[in-house]
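Undergrad: got a sequence here, can you model it:
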Amino acid sequence: CLPKDIRAFAHRAEELGVGQAVAFLREVDAINKRRRTRTVDLVRDLAGGDLRRVRVLALGAAFKPDSDDVRDAPALDVASTLHRLGAQVTVVDPAATGNARRVHPELAYSTETLTAAAGADVVVLLTEWNEFRHLDPHALGAVVSHRRIVDGRHALAPDCWRAAGWEYRAPGRP
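TA: Reported below is the predicted structural model:
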């Protein structure tokens, strides 16, 4: 809940006339928002620079694992941005699919990861659910069109995915 708490705290500080004292909080919020943009950029890079007609499997919609809360969820922000840029996005989430669908009906949804992954050009991990952390890269690789993954949450073992033939990217990692 950090982004919501940061914004509320900064707003209250403004109301009290001490907004400058918490200006750093706005920078923290901006950094978090740039991470979303960086994740989109990594997906676009893996797709060759153009997202039109690229099939993207988005793993996660919830704000955090073990929750169905999608309020200000970075996962849905990234998925909807990819969609606006022309990607065909299918979102898989164990608990938040219903809430996500109400907020972003333009996206496709599934509860079955391997079924949704069929034919995907890029996979992007957006919520670090345990079932996504423990995905078998070989099984997933057998159904996607291209073995390309962006680990937007730093929840996967890069060496394991690369050893299985995946092109692995993550914000802030080589």
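
Undergrad: where in this structure is pLDDT low?
TA: 1-7, 9-10, 19-34 (pLDDT under 70).

Undergrad: can you show me the helices along it?
TA: Shown for the chain, the helices assigned by DSSP state H span residues 2-15, 23-46, 74-84, 97-103, 113-117, 130-133, 137-141, 158-163.

Undergrad: give me the buried positions along the fifth one.
TA: When you say that, I think you mean helix 113-117. Buried positions in helix 113-117, judged by neighbour count with 16 or more other C-beta atoms under 10 Å: Thr113, Leu114, Ala116, Ala117. Any C-beta I mention is one placed from the backbone N, CA and C, and that applies to glycine too.

Undergrad: which of these sit farthest apart?
TA: Comparing all pairs in those by C-beta to C-beta, the longest separation belongs to Leu114 and Ala116, at 7.4 Å.

Undergrad: Leu140: neighbouring residues, count only.
TA: A count of nearby residues for Leu140, using other C-beta atoms under 10 Å, gives 21.

Undergrad: for the closest residue to Val70 other than its chain neighbours, what are its contacts?
TA: Ranked by C-beta to C-beta, 6 or more residues apart in numbering and with sequence neighbours excluded, the top spatial neighbour of Val70 is Asn99, at 4.6 Å. The contact partners of Asn99, by C-beta atoms under 8 Å, 6 or more residues apart in numbering, come to Ala61, Asp68, Asp69, Val70.

Undergrad: hmm, 10 Å instead?
TA: Contacts for Asn99 were tallied using C-beta atoms under 10 Å, 6 or more residues apart in numbering; they are Ala61, Ala62, Phe63, Ser67, Asp68, Asp69, Val70, Arg71, Ala73, Leu76, Asp93.

Undergrad: and the residue positioned nearest the centre of the chain, how close does it get to Val18?
TA: Note on the chain: the residue nearest the mean C-alpha position is Leu126, at 2.7 Å, using C-alpha atoms, centre = their mean. Using C-beta to C-beta, to the nearest Å, we find Leu126 at a distance of 35 Å from Val18.

Undergrad: same question, Asp151
TA: From Asp151 across to Val18, the span is 39 Å (C-beta to C-beta).

Undergrad: who has more neighbours out of these two?
TA: Of the pair Asp151 and Val18, Asp151 is the one with more neighbours under other C-beta under 10 Å, namely 25 against 10.

Undergrad: burial of Trp166, as a residue count?
TA: Trp166, neighbours per other C-beta under 10 Å, totals 21.

Undergrad: can you tell me the closest non-neighbouring residue to it?
TA: Take Trp166 and drop its neighbours on the chain: the residue closest to it by C-beta to C-beta, 6+ apart is Arg147, 4.3 Å away.

Undergrad: list the contacts for the one you found?
TA: With C-beta under 10 Å, 6+ apart, Arg147 has these contacts: 120, 122-123, 137-138, 140-141, 161-162, 164-168.

Undergrad: cool, thanks, talk later.
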